[in-house]
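> Mind folding the following:
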Amino acid sequence: SGSYILSETDFWSKSSVSKWWDLFKVRMAYGESGNLTGIGPYDRFNSYSSIGFLGRTSFFSSSTLANTNVKPERQKEIEFGADLGFMQNRIGVQFNYYIKKVNDLLINRVIAPTTGFSSLLDNFGSLENKGFEVVLNLGVIRKKDFHWDVTGIFNRNRNKALKIGQALTLLSTNAGAPVAILEGQPIGVFYGTFFAVDAGGNQIKSAGIPLTERGIQNSPLSYTTQRDAGGLPSGTVLRKVIGDPNPDYTATLVNELGYKKLSLRFQFDAVQGVDVFNADWRTRQGVGNGKVAEQEQRGEVPRGFVLGNYNIEQWRIDDGSFVKLREVSFSYDFGRLNKVISGLVVTLSGRNLISFDNYKGYDPEVNSGGQSTILRGIDFGSVPIPKTFNVGIQAKF
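Next comes the predicted model:
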């Protein structure tokens, strides 16, 4: 990595822009790294575990087929950036642009059970990330007894799978989410069955119940719909990309205000243009504990409406965009109280206070896939992020 501060050169100090442009710094960095956790210590070999059977010791193997040729991923990233400061640094701008490529991508792919195993960890291709981040710092008000600082962050990332080696790789998930890796598509898209529609984009229904689209699957990303004499879908069940758990952008807005000894801080986080596979919502309808199930019980939709939608995976795709009041914090500095306590600060704060969204579940930010970078945007039995309140006391003696 390296940087160069143009604003500290003699040429800059003699220029007229130095009166209002305080900082101009350019940066560049390049790095390569591996993946320490992608391959377990003994994943290259078949391992066996013991279990009691009819009073004797027996052994069984892992469900993942051993692969002695698997190797670590290689990640390469290059980044360009600039730091700018204006008006005695009351206005600060940071900009970063990056390109990251991962070769020998490690994927735990589902394989035919006739092999005696259900999955295979191997190097199946590569992926690419491109994006930029902009950070804006504003000193809106800076007085003796009052200050107001604003920080805004905007982040946009685009990724896609490259040279996967096969047209389609489906991954198994605990929620039955049809997560796929498709060449040329973002990592972890939802690839599943979808509603049949007519030329006008209206759902084709039978007795008021939506139908699954059918026809001929020419390729993973190409299909031809078919209709029978009655205009209903016919042929094999079709699949397509029905959702993308990768957001269009994320943003953060932080306000920090201080008046004498009182401080206030509040932060908003936004995630926009993201899809969630809401299996939790679909399951609630299936067991009669959801709004659509209630509509069917009241006769507002035809009998069998939930059952007709149940196997259409597009029915579970939900809008996961949100804006959250992430944190609000009040603090007061009492200063010296006596000879023993030389300083006392009391803070009241809350996190995840309000979520502005159209999500049909409890929380669009949860993920049943845990910390996986591929299994994202899956909601099935996940505990929502809690709303918390804290009281903090900091004393100096």
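
> could you point out where the stretch 201-350 of the chain is predicted with low confidence?
Under the criterion pLDDT under 70, no range of the stretch 201-350 of the chain is flagged.

> For it, which segments count as helices?
Shown for the stretch 201-350 of the chain, the helices assigned by DSSP state H, counting those that start in this stretch span residues 279-286, 291-297, 305-310.

> okay, those in TSV with distance to residue 210 and mean neighbour count next?
Any C-beta I mention is one placed from the backbone N, CA and C, and that applies to glycine too. Shown next, in TSV, are the helices of the stretch 201-350 of the chain (distance: least, Cβ to Cβ, whole Å; neighbours: other Cβ atoms under 10 Å):
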stretch	distance to residue 210	mean neighbour count
helix 279-286	13	20
helix 291-297	12	15
helix 305-310	6	18
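
> Mind putting those helices into CSV with distance to residue 118?
Compiled in CSV, these are given as follows (distance: least, Cβ to Cβ, whole Å):
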stretch, distance to residue 118
helix 279-286, 21
helix 291-297, 33
helix 305-310, 25
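
> right, and the ones you listed - which one's nearest residue 365?
Nearest to residue 365, of all these, is helix 279-286, at 13.5 Å by Cβ to Cβ.

> who does that closest one touch, helix- and strand-wise?
Under the contact criterion of 3 or more Cβ pairs under 8 Å, 6 or more residues apart in numbering; DSSP states H and E, helix 279-286 touches helix 291-297, helix 305-310, strand 378-379.

> quick one, which of these is nearest to residue 263?
Of all these, strand 378-379 comes closest under Cβ to Cβ, at 36.4 Å.

> now the helix or strand following the closest one: how far from the chain's centre is it?
From strand 378-379 onward toward the C-terminus, using DSSP states H and E, the following helix or strand is strand 388-396. In terms of Cα atoms, centre = their mean, to the nearest Å, the centre of strand 388-396 is found 31 Å from the chain centre.

> please begin residue numbering at 58 from this point
All right, first residue 58 from here; so that's strand 445-453.

> hey, C-alpha coordinates of strand 445-453 in CSV?
Provided in CSV are the C-alpha atoms of strand 445-453 (Å, rounded to 0.1, in the frame of the first residue of the first chain):
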residue,chain,number,x,y,z
THR,A,445,-32.0,-3.3,23.8
PHE,A,446,-31.6,-0.5,26.4
ASN,A,447,-28.5,0.2,28.4
VAL,A,448,-27.4,2.4,31.3
GLY,A,449,-23.7,3.1,31.6
ILE,A,450,-21.8,4.9,34.4
GLN,A,451,-18.2,5.9,33.9
ALA,A,452,-16.5,7.3,37.0
LYS,A,453,-12.9,8.5,37.7
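
> what packs against it?
strand 400-414.

> Could you tell me how far the strand it packs on lies from the centre of the chain?
How far strand 400-414 lies from its chain's middle: 24 Å, per Cα atoms, centre = their mean.

> tell me the angle it makes with strand 445-453.
160 degrees (axes from the mean of the first three to the mean of the last three Cα atoms, to 10 degrees).

> Okay, strands next: where are they in the stretch 258-407 of the chain?
262-263, 266-267, 271-276, 279-282, 293-294, 297-300, 306-316, 319-329, 332-335, 374-376, 379-390, 400-414 (DSSP state E, counting those that start in this stretch).

> do you know which of the ones you listed lies nearest residue 160?
strand 297-300 (24.3 Å).

> quick one: contacts of that closest one?
235, 237, 239, 242, 246-251, 278, 280, 332-334, 370-371, 374, 434 (Cβ atoms under 8 Å, 6 or more residues apart in numbering).

> Of all the strands of the stretch 258-407 of the chain, which one comes closest to residue 443?
Ranked by Cβ to Cβ, the member of these that lies closest to residue 443 is strand 400-414, at 6.8 Å.

> mind listing what the closest one pairs with, with the direction of each?
strand 379-390 (antiparallel), strand 445-453 (antiparallel) (DSSP bridges).

> Can you tell me which of these is most buried?
strand 379-390 (a mean of 17; mean count of other Cβ atoms under 10 Å).

> No further queries at this time; thank you.
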